[in-house]
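J.: okay, structure incoming, though there's no sequence with it:
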């Protein structure tokens with residue numbers, strides 16, 4: 001055996017519950033649950049049944065877990081699947097009228113798919129997290145924690161905000177997954193100096209970093225971070241490029257489904273990528289069989305390239321063998337790349353049959369290959385430019401200024417009102433903390449900087465900021481009636497971490 005391969009899927013969605021519906025809002029989450037999370041769980045269960053385990057590591061961000069565990073979201077998702085099944089029947093009638101057999105066949109397959117997904121979801125009681133926890137107990141996967149609302153940690157000016165994000169994230173993971181996580185995903189792979197000491201105190205064994213954080217060292221080896229016992233594992237740039245490159249990545253192939261073009265009647269996809277820079281109105285109808293064959297081609301190429309990276313890897317200190325750590329956003333598979341879950345499944349199956357490569361998860365790799373050297377990580381991220389500019393720039397500067405002021409005010413309120421016997425004051429302080437946590441999400445500056453649903457992201461940031469200010473003003477007014485009235489309007493919409501003690505964890 002020459003080396004190891006580990007697939008890491010970063011599973012995250014921003015908080016959209018009761019904060020908009022379409023085109024960005026709750027429906028965004030339901031689409032991902034349908035096109036990514038349910039198919040992914042099915043694929044992992046098949047692999048586990050075949051003896052292909054452990055096969056993957058999954059980050060499960062607390063802000064996503066809170067939503068997936070919410071009965072409201074679960075009920076709405078069932079309604080979403082039923083609605084989509086109804087949409088497909090209308091599409092079938094449309095394509096019969098247009099005498100379009102290709103799209104009619106796709107619509108029929110969609111109809112069967114949504115009905116199957118409804119059965120699959122109800123068969124597990126709507127508990128996606130429970131299904132993943134079960135897979136982890138069986139040794140099929142490893143789950144990884146992250147910060148509470150996926151905050152971009154290097155830009156937090158107050159260390160108390162970082163500590164709150166990390167500790168609350170770990171506590172949420174223990175609540176939803178039933179175990180202390182071995183690993184911690186730093187949002188956007190943006191290392192903040194000293195975070196390893198905080199994680200070490202909580203029993204975390206490793207973090208994941210971009211290869212640019214150790215530019216002088218082989219990225220296929222693990223290193224201890226500074227003076228800590230927390231290891232850093234580096235993402236493979238070769239594996240990233242093969243899948244994620246905007247120009248040459250596998251999902252850009254013209255044979256695959258174009259997931260950006262929607263049919264007006266249903267919002268479903270019936271076209272293929274067709275070719276680079278082909279106008280959306282000139283896309284050709286999608287044909288499943290050639291796309292499946294292309295996914296097999298890309299799987300073979302990926303497996304060969306992983307083997308090549310291992311063969312050419314520089315030696316690690318000691319007897320450690322190289323690791324190719326392939327990390328991607330989970331939502332790319334299925335939601336962004338229709339054929340992606342299938343590609344992932346056949347790739348893991350192929351790699352598991354290799355005599356020279358062992359499929360593993362990060363903690364098991366570290367068990368077999370404990371790091372024998374340490375390093376200091378430098379500023380980096382897995383964003384554009386591998387720096388902080390995707391989140392901190394002139395377009396988002398105002399967001400960071402407002403966030404810092406809100407954080408300062410929250411800590412002041414905490415020092416003044418913690419321990420108050422007045423129930424309304426305690427509720428107000430808790431809700432104010434929730435609003436600041438939601439303000440801290442890295443999703444809002446990312447969407448603004450990348451101009452992806454920029455208006456929605458700006459509105460969401462300003463909404464949470466206004467809610468925080470209103471609650472804070474009401475709390476300082478000393479008028480319980482006014483405070484309770486305002487809280488009743490906000491608590492139900494932003495009820496994240498309702499079962500955790502935000503006061504204790506945030507140091508209030």
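T.: Sure thing, it's come through. Only a predicted model underlies this, so the values are computations on that prediction, with no experimental measurement involved.
J.: and the strands in the stretch 51-200 of the chain?
T.: 56-60, 141-146, 183-185 (DSSP state E, counting those that start in this stretch).
J.: show me what the last one packs onto, helices and strands only.
T.: Using 3 or more Cβ pairs under 8 Å, 6 or more residues apart in numbering; DSSP states H and E as the contact test, the elements touching strand 183-185 are strand 141-146, helix 159-177, strand 206-209. In this view, the C-beta of every residue, glycine as well, is placed from N, C-alpha and C.
J.: for residue 369, find the nearest of these.
T.: Closest to residue 369 of the helices and strands packed on strand 183-185, according to Cβ to Cβ: strand 206-209, at 11.7 Å.
J.: distance between that closest one and the chain's centre?
T.: 15 Å (Cα atoms, centre = their mean, to the nearest Å).
J.: what's the following helix or strand after it?
T.: strand 223-225 (DSSP states H and E).
J.: picking up where we left off before, could I get the helices and strands packed on strand 183-185 as a markdown table with mean pLDDT, distance to residue 79 and mean neighbour count?
T.: Shown next, in a markdown table, are the helices and strands packed on strand 183-185 (pLDDT from 0 to 100; distance: least, Cβ to Cβ, whole Å; neighbours: other Cβ atoms under 10 Å):
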| stretch | mean pLDDT | distance to residue 79 | mean neighbour count |
| --- | --- | --- | --- |
| strand 141-146 | 98 | 28 | 26 |
| helix 159-177 | 97 | 23 | 21 |
| strand 206-209 | 98 | 36 | 25 |
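J.: now tabulate those in CSV and tack on distance to residue 465.
T.: Listed next are these as CSV, based on distance: least, Cβ to Cβ, whole Å:
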stretch, distance to residue 465
strand 141-146, 23
helix 159-177, 15
strand 206-209, 30
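J.: quick one: which of the ones you listed is nearest residue 411?
T.: Of the helices and strands packed on strand 183-185, nearest to residue 411 by Cβ to Cβ is helix 159-177, at 6.3 Å.
J.: elements contacting that closest one?
T.: Partner elements for helix 159-177 (3+ Cβ pairs under 8 Å, 6+ apart): strand 56-60, helix 62-68, helix 128-137, strand 141-146, strand 183-185, helix 195-201, helix 423-439, helix 502-505.
J.: do a quick rundown of the strands in the stretch 351-500 of the chain.
T.: 357-359, 374-375.
J.: any chance of those strands in TSV, plus mean pLDDT and distance to residue 237?
T.: Below are the strands of the stretch 351-500 of the chain laid out as TSV (pLDDT from 0 to 100; distance: least, Cβ to Cβ, whole Å):
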stretch	mean pLDDT	distance to residue 237
strand 357-359	98	18
strand 374-375	96	17
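J.: just the ones you listed: most buried one?
T.: With neighbours taken as mean count of other Cβ atoms under 10 Å, the strands of the stretch 351-500 of the chain reach their highest mean count in strand 357-359, at a mean of 21.
J.: that one: partners in the sheet, and parallel or antiparallel?
T.: strand 3-11 (parallel) (DSSP bridges).
J.: what residues are up against residue 126?
T.: 71, 74, 75, 77, 78 (Cβ atoms under 8 Å, 6 or more residues apart in numbering).
J.: okay, the first one and residue 176: tell me how far apart.
T.: Noted for residue 71: a distance of 14 Å to residue 176, by Cβ to Cβ, to the nearest Å.
J.: go on, the third one?
T.: Look at residue 75 and residue 176: by Cβ to Cβ, they are 19 Å apart.
J.: can you check the last one too?
T.: Residue 78 sits 20 Å away from residue 176, going by Cβ to Cβ.
J.: can you list the domains in this structure?
T.: 3-248+292-385, 393-505 (automatic domain parsing).
J.: residue 437 is in contact with residue 497, correct?
T.: Yes: using Cβ atoms under 8 Å, residue 497 is in contact with residue 437, at 7.5 Å.
J.: common neighbours of those two, please.
T.: Shared contacts of residue 497 and residue 437, counting by Cβ under 8 Å, 6+ apart, come down to 148, 168.
J.: ok now the helix or strand hosting residue 309, how far from the chain's centre?
T.: If you go by DSSP H and E, residue 309 is part of helix 288-312. Chain-centre distance of helix 288-312: 24 Å, with Cα atoms, centre = their mean.
J.: list the buried ones in that helix?
T.: 291, 294, 295, 298, 299, 302, 303, 305, 306, 307, 309, 310 (16 or more other Cβ atoms under 10 Å).
J.: what angle do it and strand 3-11 make?
T.: Compare the direction of helix 288-312 with that of strand 3-11 by axes from the mean of the first three to the mean of the last three Cα atoms, to 10 degrees and you get 130 degrees.
J.: helices and strands around helix 288-312, which ones?
T.: strand 3-11, helix 237-244, strand 323-329, helix 340-352, strand 357-359.
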